[in-house]
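# got a sequence here, can you model it:
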Amino acid sequence: MNAGAVIAAKQNRYIRRFEERDVTDPGVAQTLTDLGCSESVVFRRLVSRGVIRETGDGRFYLDLEAAHDFRKRRRAMMLLALFIVGTVIIVLGWLL
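Here you go, the predicted model:
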């Protein structure tokens, strides 16, 4: 599994954990300990992108709209990458 796939899998685990526990608004925000999660670079990246929001008192919640947009952008980037790789393979096939 490549690094991008590992990161995407970790992102998905964080997002799923919040969804499964219905921690999707500030009123039900929880600490990472309560959620059984640890802080990591991947987690901080989701926070910096607004997918997971901090309430200011060490509790976090999932912004459902931001998570949806994040997944949509990530899917679009993966499709773009596949398109580029496919195009390169086709061009190289014609040249060789």
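
# tally of neighbours for Met78?
Met78 has 13 neighbours, counted by other CB atoms under 10 Å. To be clear about C-beta, it is placed using only N, CA and C from the backbone, and glycine gets the same treatment.

# my guess is it is in a helix, correct?
Yes. Under DSSP: H, G, I helix; E, B strand; the rest coil, Met78 falls within a helix.

# go ahead and confirm Ile7 touches Phe43.
No. Look at Ile7 against Phe43 with CB atoms under 8 Å: they stay out of range, at 11.3 Å.

# these two: who's more crowded?
Phe43 (19 against 14).

# got phi/psi on that one?
With angles defined as degrees, to the nearest 10, Phe43 sits at phi -60, psi -50.

# what sits against it?
Contacts for Phe43 were tallied using CB atoms under 8 Å, 6 or more residues apart in numbering; they are 14, 32, 37, 52.

# quick one: which of those sit in helices?
Members of the contacts of Phe43 lying in helices (criterion: DSSP state H): 14, 32.

# just the buried ones from the contacts of Phe43, in ChimeraX syntax?
Listed next is the ChimeraX selection for buried residues among the contacts of Phe43, using 16 or more other CB atoms under 10 Å:
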select :14,32,37,52
